[in-house]
Each structure stands twice: as structure tokens, then as C-alpha cells.
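Trainee: my questions are about this predicted structure, shown below with the sequence.
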Amino acid sequence: MSRTCCLVVALLVLLPPAAATAADVPAQVTWVQRVELGTLVSGVVSEVHVTPGQAVAEGEPLVSLDRRGFATQVSRRQAEHEHARAMLDEAIREDERAIELYDRTVLSDFERNQALVALKAARAAEARARAALVAARLDLERSVIRAPFAGAVLAVAAAPGQSVVSELQSRPLVTLADTARLRARGLVDAAQAARLQPGADVSATLRGLAVEARVAHIGYEPVATTAPGVHYELLVDLVAPPGRPLRVGETVNLGLE
């Protein structure tokens, strides 16, 4: 059974009888943003910078691969590009001389065309070398997994010395979630859905405490059907009270009257 189906079943269990007339709608806390991070390049893990539960800032390194091979490739591609650039500069000078001689009728059409072909070949070689250098620099950059946003580390599946092969599929090494933004997912009937608007504030309580809540989305298609009728998905953005963090899986009661 998929996670979505399990969530719908859980919400139906939480749903009180005669939900169409109930003042409170139960909703389960879930993540707004949760990602499994891996690397697009293969290598050997040299350092794991984080542990589960650790808070990280955006851009902070999470896992590093051994960078020596990637740095060597960058140096090699840099040298190849410099050589290609020098050959292109020489081809440009040769073409300029060919134009001058051709205008003085000293150079034949064939020789003029040969200089032009050599210039085009030098430009193509320089473009290939430049692209290879950019790719090598990208590989070096991708050898370090960084946090795409501020949040908390949920899981780490990497250890120093571990081989990472990413030829066909990137393997998740770190799971990260945005703890600053949480969302509650519940079910409402057609009448309740009609009264709600995205962006509207709603009352919400968790563990007997008031929680700031704002409607993020009301579904357009029914996700569940019970005896009273059909139900639609309701997503509500939450702001936890200071010093009282929300946790995924908890139940928030939403007052929709």
C-alpha cells in the first residue's frame, strides 16, 4: 500500500462521525519539503559532515567524496583548453594573413578556403575543450553534497571509505527535511471545502495549544468516500509555537466554523 493510501486510511480513521457538521477536522502533520540527497558522480566517501537530528544551514556540506581525482580532471581539462585556445589564436592570425594575401591576389581560392577550414576546426576544438572543462568543474562541485535548504538531517546512509556508484541512479546518502515549514493534511466534505479559500487563516490546536494555520490547498477531486459523502484533501501550513516544535504524525484539530 502506498504512503498516500495509508495517509487517507489514517485520516478516515481520525474522521469523526457526521464530519459534515463537525466543528473540528483532524489533520496529520507532515513535511512541506523532504528530500533524499545523493551525488551525480561516482567516487569514495571521504567525510560525512552531519549526523541524524543535526540542524544545517542552506549550502552547508553534508557528505564529501574524495576530491583528488576530480581536481586532477579539472587541471587536465584546463591545460587542454589553454592549448586549444592558443591554437585558435594562431588560426585566427593565419586566417587574417590569408585574407590579406587573397585580397592581393597572391593566394589561390583553394589556399584561402584551407585557412578558413582550419579556423573553423580550431574554433570547434576550443569549444569542445571549454565544454569538457565546464563538465570537469561540475563533477568537482558535485563531489560534495550540500544542503539545498536549511533544515534537519533525518537520516544518513554514508560512511567514510564507502564506494558510491552513480552511473545509472543516484543513491540517497542523506535525508533532509525543512523543519521551519510544516503542513497538516486532513479531509473535508464538499460543504466545508466550499467555505474555504487558499490563504485564509483557520484556528488550529495541538496538545491543547493554539497553532497558527493557513489554508494552502483544497483538493478538487475526492480522495475518499464514506457514508456521509465524498471528502477532499485539505492542506494547511502551520507555524509551531515558540519552543514547542511540531512533529510529523501528530494530529492537529482544525476549527473550520
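Mentor: Here it is on my side, so go on.
Trainee: isn't Arg85 right up against Ala125?
Mentor: No. The pair Arg85 / Ala125 is not scored as a contact, 9.6 Å apart, by Cβ atoms under 8 Å. In short, each C-beta sits where N, CA and C put it, glycine included.
Trainee: more crowded one of the two?
Mentor: Using other Cβ atoms under 10 Å as the criterion, Arg85 and Ala125 rank with Ala125 on top: 18 against 15.
Trainee: gap between the more buried one and Ala79?
Mentor: Separation of Ala125 from Ala79 (Cβ to Cβ, to the nearest Å): 14 Å.
Trainee: count the neighbours of Thr51 for me.
Mentor: Thr51: 8 surrounding residues under other Cβ under 10 Å.
Trainee: let me know the secondary structure of it.
Mentor: coil (DSSP: H, G, I helix; E, B strand; the rest coil).
Trainee: let me know the pLDDT of Asp189.
Mentor: With respect to pLDDT, Asp189 scores 88.
Trainee: in which helix or strand does Gly219 reside?
Mentor: In this structure, Gly219 sits in strand 212-226 according to DSSP states H and E.
Trainee: could I have that strand exported to PDB, CA atoms only?
Mentor: Output of strand 212-226 as PDB, limited to C-alpha atoms (Å, rounded to 0.1, in the frame of the first residue of the first chain):
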ATOM      1  CA  GLU A 212      -1.000  29.400  13.600                       C
ATOM      2  CA  ALA A 213      -2.600  27.800  10.500                       C
ATOM      3  CA  ARG A 214      -3.300  28.900   7.000                       C
ATOM      4  CA  VAL A 215      -5.100  27.100   4.100                       C
ATOM      5  CA  ALA A 216      -2.600  26.100   1.500                       C
ATOM      6  CA  HIS A 217      -4.700  23.900  -0.800                       C
ATOM      7  CA  ILE A 218      -8.200  22.400  -1.100                       C
ATOM      8  CA  GLY A 219      -8.500  19.400  -3.400                       C
ATOM      9  CA  TYR A 220     -10.700  19.500  -6.500                       C
ATOM     10  CA  GLU A 221     -11.100  15.700  -6.700                       C
ATOM     11  CA  PRO A 222     -12.400  13.400  -4.000                       C
ATOM     12  CA  VAL A 223      -9.800  11.300  -2.300                       C
ATOM     13  CA  ALA A 224     -12.200   9.300   0.000                       C
ATOM     14  CA  THR A 225     -15.800   8.300   0.100                       C
ATOM     15  CA  THR A 226     -17.700   7.400   3.300                       C
END
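Trainee: mind listing what's buried in that strand?
Mentor: Of the residues in strand 212-226, 213, 215-216, 218, 223 count as buried by neighbour count, 16 or more other Cβ atoms under 10 Å.
Trainee: what is the subsequent helix or strand relative to that strand?
Mentor: Counting by DSSP H and E, what follows strand 212-226 is strand 229-239.
Trainee: what are the pairing partners of that next one, and which direction each?
Mentor: Using DSSP bridges, strand 229-239 pairs in its sheet with strand 182-189 (antiparallel), strand 212-226 (antiparallel).
Trainee: now these as TSV including distance to Thr39?
Mentor: Below are these laid out as TSV (distance: least, Cβ to Cβ, whole Å):
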stretch	distance to Thr39
strand 182-189	28
strand 212-226	32
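Trainee: those strands: lowest mean pLDDT?
Mentor: Mean pLDDT is lowest for strand 212-226 out of those, coming in at a mean of 88.
Trainee: thank you kindly, that will do.
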